[in-house]
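S.K.: Provided below for reference: sequence and predicted model.
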Amino acid sequence: MMRSLFGIVFVLVSCSIVAPEVVAQTSGRQVFSAKCATCHKANNSVGGAVAPNLSGVYGRKIASLSDYQYSVPLKHQQGTWDDHSLDAYLAAPQKFAPGGKMADGVSDPKQRAALVKYLKSPQD
Ligand code: HEC
């Protein structure tokens, strides 16, 4: 009886240890599908009218697509999208561009890193 109880406890403990690993291994594509794709497209397919197309966003000037009506606060940001600016924006969009149209960020730095990598080459 004690033995099997130990067994169950062991299984429970090891599950809770393994779970964060699984999350950490989540690919950029998976995070994108789960958290961004409702509003954004990351390739050249049609759609994504709610938000700017993110195909080629890495290295692009901030708020520079001519066919998208950006908010004034985002338009006022200088520079291009690189590792640093994307990470800052995705961590806290409302801190990066207060009053901008994108509300929610991604709190997990590993997920942000995976997203930035994915945005560099969404076809991967
Ligand atoms: C609820 C809809 C919504 C979701 C979900 C969303 N965004 Fe956005 N995003 C927007 C909108 C709207 C803008 C335009 C912001 C503005 O004009 O202030 C934007 C702008 C951006 C930009 C700037 C694009 C440019 O051309 O300068 C990037 C980069 C971006 N989003 C990345 C992401 C990523 C990565 C995710 C997933 C973690 C995400 N967004 C989730 C709505 C969304």
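M.R.: Noted; the coordinates are in hand.
S.K.: make it CA atoms for all contacts and neighbour counts henceforth
M.R.: Noted.
S.K.: mind showing which ranges of this protein have poor pLDDT?
M.R.: For the chain, applying pLDDT under 70 flags the ranges 1-25, 44-49, 123-124.
S.K.: quick one, helices of it?
M.R.: 2-24, 28-35, 72-75, 83-91, 93-96, 109-120 (DSSP state H).
S.K.: any idea how far Gly56 is from Pro122?
M.R.: 8 Å (Cα to Cα, to the nearest Å).
S.K.: Which neighbours do those two have in common?
M.R.: Common neighbours of Gly56 and Pro122 (criterion: Cα atoms under 8 Å, 6 or more residues apart in numbering): Ala42.
S.K.: Of those two, give the one with the bigger neighbour count.
M.R.: More crowded of Gly56 and Pro122, by other Cα atoms under 10 Å: Pro122, with 19 against 15.
S.K.: What residues does the chain have near the ligand?
M.R.: Residues of the chain lying close to the ligand by Cα under 6 Å from any ligand atom are 32, 35-36, 38-39, 50-52, 62-65, 70-71, 74, 100-102, 106.
S.K.: Now restrict those to buried residues only.
M.R.: 32, 36, 51-52, 62-63, 70, 74, 100-102, 106 (16 or more other Cα atoms under 10 Å).
S.K.: Distance to Ala113 added to those, as a markdown table?
M.R.: A markdown table is the format used below for those (distance: Cα to Cα, whole Å):
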| residue | distance to Ala113 |
| --- | --- |
| Phe32 | 12 |
| Cys36 | 14 |
| Ala51 | 21 |
| Pro52 | 20 |
| Ile62 | 19 |
| Ala63 | 21 |
| Tyr70 | 24 |
| Leu74 | 21 |
| Gly100 | 22 |
| Lys101 | 22 |
| Met102 | 19 |
| Val106 | 10 |
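S.K.: Any figure for the gap between Lys110 and Lys41?
M.R.: Taking Cα to Cα, one finds Lys110 at 21 Å from Lys41.
S.K.: who's more crowded, those two?
M.R.: Using other Cα under 10 Å, the more surrounded residue of Lys110 and Lys41 is Lys41, with 22 against 16.
S.K.: how much space between that one and Gln30?
M.R.: From Lys41 across to Gln30, the span is 13 Å (Cα to Cα).
S.K.: do the same with Lys75
M.R.: From Lys75 over to Gln30 the distance is 29 Å, taken as Cα to Cα.
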